[in-house]
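1. using only what follows, build the 3D model:
(one chain, ligands or ions: 2)
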Amino acid sequence: MEFDKLIQSFIVPPKQKISLKKDYDPAYKADFLKKEDAQQILQEGIQQLAKYQDILYAQNTYALLIVLQAMDAAGKDSTIKHVMSGINPQGCQVFSFKVPSAEELDHDYLWRYFKALPERGRIGIFNRSYYEEVLVVRVHPEILERQQLPPEAKGKEIWNRRFEEINHFEKYLVSNGIIILKFFLNVSKEEQKRRFLKRIEQPEKNWKFSLSDVKERGHWDDYMKAYEDVFNYTSTEWAPWYIIPADYKWFTRFAVATIISRQLQSLNLAYPTVSAEHVQELLKAKDALENEK
Ligand code: AMP
Ligand code: MG
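-> Ligands and ions are numbered 1, 2, ... in the order given. Here you go, the predicted structure:
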């Protein structure tokens, strides 16, 4: 099936070295797919998602953790808004991770993410995640200085060690029923510029823009290198990375919704079956209700 092949092409193959620049085109949109068709499929995907999420919640066994990483203006917020639009708010939680607080800095670096993990039956979205600990923290060494680490934990080996710790952390989660989907929304530097300019030109978008966004853009190449390392070291069989083309927002939404919906489908979720005893009770209750005076 064409979609399966398409989805497969976004996965970073575990234990292989990829090149972000050479292997993943931010402006890709599948030739066989027209924008209108993709929007139609997105709508269907959203309905499917709502259906699966209802069963996920009723079953209360698995949880789904969705990790979203990207450069600024790649479309994280709008992807969350669109893809999750059909979902029962009770079964879904979104956490947006910002600069850590003093309390958070007084803990080990995974602490605040651990606390935010979704309960069984829920979909949890991390808008930024523990991957910032090997991205922004790597690009800006002064942030690492604030993390109160003992000297022996700070050496050159820290990034490889963190990759390994993250892999183990995710393995532990997956083994315990928390399924993980990791998306990198791959926007090009040119498209980011266009979106920044729009945020400056349109008054209702001004709030979304800050000068620090331009400053981070200045570190673009460092970020791309850090991201490439993340993909090469933390795309695993149990929690692979998906690199989603993000220069066309309609394509990003279509791709993310399709992948989430297929992941849930693959779990073969089913509503809990009730015992014969419970069925008897239901019949009794029905009887009582119908014969109410
Ligand atoms: P935004 O998502 O645009 O609201 O920005 C959140 C900001 O928090 C970004 O500039 C991130 O780089 C920053 N941030 C997120 N996680 C961390 C972290 N663990 N350490 C330092 N800064 C972070
Ligand atoms: Mg921002």
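
2. need the CA coordinates for stretch 202-215. PDB is fine.
-> Taking C-alpha atoms only, stretch 202-215 is exported to PDB below (Å, rounded to 0.1, in the frame of the first residue of the first chain):
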ATOM      1  CA  GLN A 202       0.300  40.200  10.800                       C
ATOM      2  CA  PRO A 203      -0.700  41.900  14.100                       C
ATOM      3  CA  GLU A 204      -2.600  38.800  15.300                       C
ATOM      4  CA  LYS A 205       0.500  36.800  14.900                       C
ATOM      5  CA  ASN A 206       2.900  39.200  16.700                       C
ATOM      6  CA  TRP A 207       2.600  37.400  20.000                       C
ATOM      7  CA  LYS A 208       4.100  34.300  18.500                       C
ATOM      8  CA  PHE A 209       7.300  36.100  17.600                       C
ATOM      9  CA  SER A 210      10.200  37.100  19.900                       C
ATOM     10  CA  LEU A 211      13.600  38.400  19.100                       C
ATOM     11  CA  SER A 212      15.100  35.300  20.700                       C
ATOM     12  CA  ASP A 213      13.600  33.300  17.800                       C
ATOM     13  CA  VAL A 214      15.900  35.200  15.400                       C
ATOM     14  CA  LYS A 215      18.800  34.600  17.700                       C
END
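
3. can you list contacts of it?
-> D72, A73, F196, K198, R199, I200 (C-beta atoms under 8 Å, 6 or more residues apart in numbering). Just so you know, the C-beta spots here come from the backbone N, C-alpha and C atoms, and that holds for glycine as well.

4. any chance of those residues in JSON lines, plus neighbour count and distance to ligand 1?
-> Listed next are these as JSON lines, based on neighbours: other C-beta atoms under 10 Å; distance: C-beta to the nearest ligand atom, whole Å:
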{"residue": "D72", "neighbour count": "18", "distance to ligand 1": "6"}
{"residue": "A73", "neighbour count": "22", "distance to ligand 1": "9"}
{"residue": "F196", "neighbour count": "18", "distance to ligand 1": "12"}
{"residue": "K198", "neighbour count": "13", "distance to ligand 1": "16"}
{"residue": "R199", "neighbour count": "18", "distance to ligand 1": "12"}
{"residue": "I200", "neighbour count": "12", "distance to ligand 1": "15"}
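
5. what is the nearest of those residues to K286?
-> A73 (55.5 Å; C-beta to C-beta).

6. from M224, how far out is the closest one?
-> Remark: distance between A73 and M224 (C-beta to C-beta, to the nearest Å) = 15 Å.

7. same question, F3
-> Distance from F3 to M224, counting by C-beta to C-beta: 28 Å.

8. now swap in Q265 and tell me
-> If you go by C-beta to C-beta, the gap between Q265 and M224 works out to 33 Å.

9. equivalent analysis for N167, please.
-> 21 Å.

10. and D25, by the same measure?
-> Taking C-beta to C-beta, one finds D25 at 14 Å from M224.

11. thinking A73 is in contact with R195, fair?
-> Yes: at 4.0 Å, A73 counts as touching R195 under the criterion of C-beta atoms under 8 Å.

12. what's the overlap in contacts for the two?
-> By C-beta under 8 Å, 6+ apart, the residues touching both A73 and R195 are V187.
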